[in-house]
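# whatever this is, show me its structure:
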Amino acid sequence: MTDKENKKESKNKISDLKPGMTVRIYQKIKELNVKGEEKERIQYFEGMIIAKKHGRETGGTITVRKISDGIGVEKIFPLNLPTITKIEVKKEAHVNRAKLYFLKRDFKKKLKEKKVDKIFYEKK
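Okay, the predicted model is just below:
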C-alpha cells in the first residue's frame, strides 16, 4: 500500500467515531525530569464521546467526557493530532442525538450499552 492509501484508510477509521462511544485515547506526553532531561511516555484518557465536530475535515475534533472523583472532566482532541498513537473503542451506547450535552447536567437514566472492545486507529 502507498502512503496516501494508508492515510485515507486511517482517516476513514477515525471518522467512524460517533457520540455515545466510550473510547480510550492514547497520547504521547513529553515531560522534563529532575535533571532537565526530556522524557516521553504514553498516557491514556478514557471517557464517552459527547460531541464530534467538523467530520472528516482537517480541523475535526471530538469532545471526550469522564467523571473523575465526582468531578466531570472534558478534553477536546483534534482528530489529526500527531501525538495520538491509538484510539480504542470500549463500549457503544445507543443514542438518538448528535451532541450529548444533556449528560453534563443531572441525567438519571442509564444509556443502553453494548461492549465492543476494538482498536479504531493505531499508528505504526
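# ok, now which ones touch the most centrally placed residue in the chain?
Centroid check for the chain by C-alpha atoms, centre = their mean gives Ile25 as the closest residue, at 4.8 Å. Applying C-beta atoms under 8 Å, 6 or more residues apart in numbering to Ile25 gives the contacts Tyr44, Phe45, Glu46, Val64, Phe77, Ile84, Lys86, Ile87. Yep, even glycine has a C-beta here, placed from its N, CA and C like the rest.
# from those, pick the one nearest Asn96.
For those, the minimum distance to Asn96 (C-beta to C-beta) is 19.8 Å, reached by Val64.
# what's the strand or helix carrying that closest one packed up against?
Assigned by DSSP states H and E, Val64 belongs to strand 61-68. Packed against strand 61-68 by the contact rule (3 or more C-beta pairs under 8 Å, 6 or more residues apart in numbering; DSSP states H and E) you find strand 21-32, strand 38-53, strand 71-78.
# that one pairs with which strands?
strand 38-53 (antiparallel), strand 71-78 (antiparallel) (DSSP bridges).
# deepest-packed of those, please.
Among the strands paired with strand 61-68, strand 38-53 has the highest mean neighbour count (mean count of other C-beta atoms under 10 Å), at a mean of 15.
# residue most distant from the centroid, the protein?
No residue in the chain sits farther from the centre than Lys35, which is 32.8 Å out by C-alpha atoms, centre = their mean.
# coming back round to it: out of the contacts of Ile25, which comes closest to Lys115?
Glu46 (14.1 Å).
# show me what that closest one is bridged to.
Assigned bridge partners for Glu46, using DSSP bridges, are Arg24.
# how about the contacts made by it?
Thr22, Val23, Arg24, Ile25, Lys66, Lys90.
# look up how far Lys35 lies from the last one.
Same thing as Lys90. 37 Å (C-beta to C-beta, to the nearest Å).
# thinking again about what came up before, of all the helices and strands packed on strand 61-68, which one is nearest Lys104?
Closest among these, using C-beta to C-beta: strand 71-78, at 6.5 Å.
# what lines up beside the helix or strand hosting Thr85 in the sheet?
Assigned by DSSP H and E, Thr85 falls within strand 84-93. Using DSSP bridges, strand 84-93 pairs in its sheet with strand 21-32 (antiparallel), strand 113-122 (antiparallel).
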